[in-house]
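Chemist: Here is my input, please return the structure:
(chains A and B, ligands or ions: 3)
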Amino acid sequence: MMSWLPENISTYGGQIDHLFYLIYYLTSVTFILVAGCMIAFLVMYRHSDGRRATYTHGNTTLEIIWTIVPALILIMLGFMSKARWEEIKSPAHMPPPDLYVRVTAKQFNWEIRYPGPDGKFDTDDDLQVDNDLHVPLNKVVRVILRSKDVIHSFFVPQMRLKQDAVPGRDIQVWFQATKAGQYEIPCAELCGFGHSGMKGALFVQTKDDYDQWVKEQWPAPAAAPAAAAAQAPVAEARG
Amino acid sequence: MSETAAVGAHAHGAHAEHHELGFIRTYVFSTDHKMIGRQFLFMGLFMMILGGLLALLVRWQLAWPESEVPFTQWIPEPHMYAGHMDAAAYNSFFTMHATIMIFFVVMPILVGAFGNFLIPLMIGTRDMAFPLLNMLSFWIALFSGFIMLAGFCIPGETHAASGWTAYSPLAAVPAFTGVNAGQNLWCISLIVLGISSLMGSINYITTIINMRAPGMGFFRLPLTIWALFIVAILLLLALPVLTGALAMLLFDRMAGTSFFQPAGGGEPLLWQHLFWFFGHPEVYILILPAMGIASDILSVFSRKPIFGYRAMAFSMIGIAFLSWIVWGHHMFQSGMNPALGTTFMISTMVIAVPSAIKTFNWLGTLWGGNIIFSVPMLNALAFVSMFVIGGLSGIYMASTPVDIFIHDTYFIVAHIHYVVFGGSVFGIFAAVYFWFPKMFGRMMNETLGKIHFWPTFLAFNGTFFPMHILGIGGHMRRIYNPLQYDFLKPMQPINVFITVSALCLGVAQIPFVINFFWSLFAGKKATINPWNANTLEWDAPSPPPHGNFGEIPTVYRGPYEYSSPLVPEDFLPQSRKLAPEVSARASH
Ligand code: HEM
Ligand SMILES: [Cu+2]
Ligand SMILES: [Cu+2]
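Modeler: Ligands and ions are numbered 1, 2, ... in the order given. This is a model prediction of the structure:
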């Protein structure tokens, strides 16, 4: 079962996978214990004429134990999850980005908008394309998610990243890719008859490839967008 | 309050004595809770066939996306195009599958049929507190069913296609799905159904509070009644929220308001908050009655008292109470403030605890028993084991970071079905086999029952277990053609396997249908208490007449006194009076 997870190519994906495995082991052990007990009881206590069932209404000590043990395990899981979750989704905890991209979902495409060398959106040097998202390897990318019509969901399975794009809101997410390559960006929230097949392509490029790509897009000014991007575009806080 | 009860009981007592009712009053416009229960049962079983066929259509498309679906040439456009479906039709099929299964199968059967049939019988009274209201609740539910089905018949468009969750703005603006009247009918039907459920739940609550037989204290109620009581309260509080949200949605669609559209100042997430504020309790509305039923059946066929009766009742109350504060776990990836995500995660983790308590208590009930593998028992055992899988897979989603990956994948679809099929539907089967003798006066055939159970159990797992693997591989739900994605192509054989299992699962229901109808007319005549059970319904004739009991029984003890040392038999009915010195010892 473990091998079924897609390859992980993000910095935080490994931590999500660890939590996943932890829950996987905990639930597997629980299931084996419960199923094992159940099968054992069904065999040991199957009907036989003349035997009488044990007359008991319960056992308080046992009941207290099997309330407290799962409660402790679950609360522990909750706290372990909390830290990961904040790091990935909470704007206050996100690492400072190396570059920004704006992804606007619409029926049934992803509009990708790059700020261009000036690092600012909605200026003349912006570049907008459908579906192709180019990012440099090992850089922190901040994505500003928008939607033009209905709710869509930005999903990059290998990045362990999913976030709904909601009309009327700017939602920020981030990732840092650890492996170059081309990956699919499906839409994970039902968005109409074209939902299936609404997919973009994520190109994670090595520094050289990425610089080359930047040069092709913005031949005139030599400055790379990555350098200027530290200047954050104004985006509404979410919440 | 108690006056209503007294009047109701009195009126009925008198009523039962004097006249025979005509055909129409007995079978059609009946105010008898038992007939209303049977009516709900038939409605639910009929809809189950429809919902099941829709599921098979969906499955066929996922396994063989480019091929023609057999036997569907006759279905007209725009649902099918000469045996093929398009993406829009596909969306409407899974939307309607889920809507029908939830609102027109599981709720009508578990709550409508068994609630109506069992509550007066198990608490020892002659009928519901408001018999006329009860009759209306069935007819309104049926009417709502017709409205829902009418959505399939609109020329030129499919039925509602925005998923059963109807997320807005997708659902709020006809242009976004291309469905106009179908989606409106969907809203109207569910509003009407909400009215019916409200009538039912008021009736259940009033009846259980006021009309229990002498001696039937709250802690002598069978767990089935506890479950139905809690469900009725949940319904009373949850459904108006859905009804309100649906009315707003309908206004957005038809009257130019924009509650859910940012263009007009609305808020898309408002729909999700309202929907899941109803939707999460709804999940428990679907599963709690099955929990109660399984508890009763496990106790009867283990010939043992239920382990930790009070813990069982309190954990249901706990689940119901907590179910109001966890709705946000459906919205972790929705764009809601991430700080709220953490709060909802912790409360969700906590709500898993009462479910764990229940599971361990079921095991405790089996321990040391004298277990009889009857067909109801097999289904109850399937309920417990499958619910364990459904419950455990829920922990993956409860953990916010893991949910990032598996949200909206097939992992969720697997989880839903382990809960609603592995849980509620096995609960339904257990209940039908168990109470059929009381409902219809005849036994169902045990052999056919086993021929139904085992293939269903195997095919169920073959269908839904591999969906976990798909989900872990990242397979999105609600997609029309998995072959459109390169990363999903290697998993396509699993999709084929699932569909083949689903087809087997469908075929496995044939013995059930045969058994049901054959037993209805030609089954062995049932005795008054064929399972040697303790609860009050087994004091009434099979089937019970109008008014149920000759004389209202008096209750002397709890419902689970099996293998009690006080009596030589291995059961001790709630209404059986023991000699004074014995019963003094018995009242602990
Ligand atoms: C023969 C048995 C069944 C099969 C083969 C089946 C199959 C499916 C499939 C394939 C989907 C996923 C559609 C998608 O996301 O693309 C689905 C969704 C669903 N099913 Fe079933 N199902 C069955 C029985 C049931 C039952 C008994 C219920 C009871 C309440 C149920 C409730 C649901 C719900 C709530 C969804 C979610 C739909 C959505 O994504 O909006 N199903 N089912
Ligand atoms: Cu989309
Ligand atoms: Cu929930």
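
Chemist: Could you give the average pLDDT over the helix or strand where residue B:282 lies?
Modeler: Following DSSP states H and E, one finds residue B:282 within helix B:268-302. Averaging pLDDT along helix B:268-302 yields 97.

Chemist: helix or strand right after it?
Modeler: Assigned by DSSP H and E, the successor of helix B:268-302 is helix B:309-322.

Chemist: how about the CA coordinates for that following helix, as PDB?
Modeler: C-alpha atoms of helix B:309-322 as PDB (Å, rounded to 0.1, in the frame of the first residue of the first chain):
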ATOM      1  CA  TYR B 309     -25.300  -0.200  28.200                       C
ATOM      2  CA  ARG B 310     -25.000   3.200  29.700                       C
ATOM      3  CA  ALA B 311     -21.700   3.800  28.000                       C
ATOM      4  CA  MET B 312     -23.500   2.900  24.700                       C
ATOM      5  CA  ALA B 313     -26.300   5.400  25.400                       C
ATOM      6  CA  PHE B 314     -24.000   8.100  26.600                       C
ATOM      7  CA  SER B 315     -21.600   7.700  23.700                       C
ATOM      8  CA  MET B 316     -24.500   8.200  21.300                       C
ATOM      9  CA  ILE B 317     -25.400  11.400  23.100                       C
ATOM     10  CA  GLY B 318     -21.800  12.400  23.000                       C
ATOM     11  CA  ILE B 319     -21.500  11.800  19.300                       C
ATOM     12  CA  ALA B 320     -24.700  13.800  18.700                       C
ATOM     13  CA  PHE B 321     -23.600  16.700  20.800                       C
ATOM     14  CA  LEU B 322     -20.100  16.800  19.300                       C
END
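
Chemist: ok, and the closest non-adjacent residue to the spatially most central residue of chain A?
Modeler: By Cα atoms, centre = their mean, chain A has its centre lying nearest to residue A:161, at 2.1 Å. The shortest distance from residue A:161 to any non-neighbouring residue, by Cβ to Cβ, 6 or more residues apart in numbering or on different chains, is to residue A:175 (5.4 Å). The way it works is simple: take the backbone N, C-alpha and C, and place the C-beta from them, glycine included.

Chemist: That neighbour contacts residue A:159, doesn't it?
Modeler: Yes: applying Cβ atoms under 8 Å, one finds residue A:175 in contact with residue A:159, separated by 4.9 Å.

Chemist: So which of those two has more stuff around it?
Modeler: residue A:159 (27 against 24; other Cβ atoms under 10 Å in any protein chain shown).

Chemist: Let me know the secondary structure of the residue nearest to residue A:161.
Modeler: strand (DSSP: H, G, I helix; E, B strand; the rest coil).

Chemist: anything in contact with each of residue A:175 and residue A:159?
Modeler: Here residue A:175 and residue A:159 have residue A:10 as joint contacts, going by Cβ atoms under 8 Å, 6 or more residues apart in numbering or on different chains.

Chemist: Find the closest residue to chain A in chain B.
Modeler: Residue of chain B nearest chain A, by Cβ to the nearest Cβ: residue B:262 (2.8 Å).

Chemist: what's the spacing between that residue and residue B:163?
Modeler: The gap separating residue B:262 from residue B:163 is 20 Å, by Cβ to Cβ, to the nearest Å.

Chemist: show me what contacts the residue nearest to residue B:41 when sequence neighbours are not counted?
Modeler: By the measure of Cβ to Cβ, 6+ apart, the closest residue to residue B:41 outside its immediate chain neighbours is residue B:113, 3.8 Å from it. Residue B:113 sits next to B:37-38, B:40-41, B:44 when contact means Cβ under 8 Å, 6+ apart.

Chemist: wait, does stretch A:101-111 contact ligand 2?
Modeler: No: Stretch A:101-111 stays clear of ligand 2 (Cβ under 5 Å from the ion), getting no nearer than 5.8 Å.
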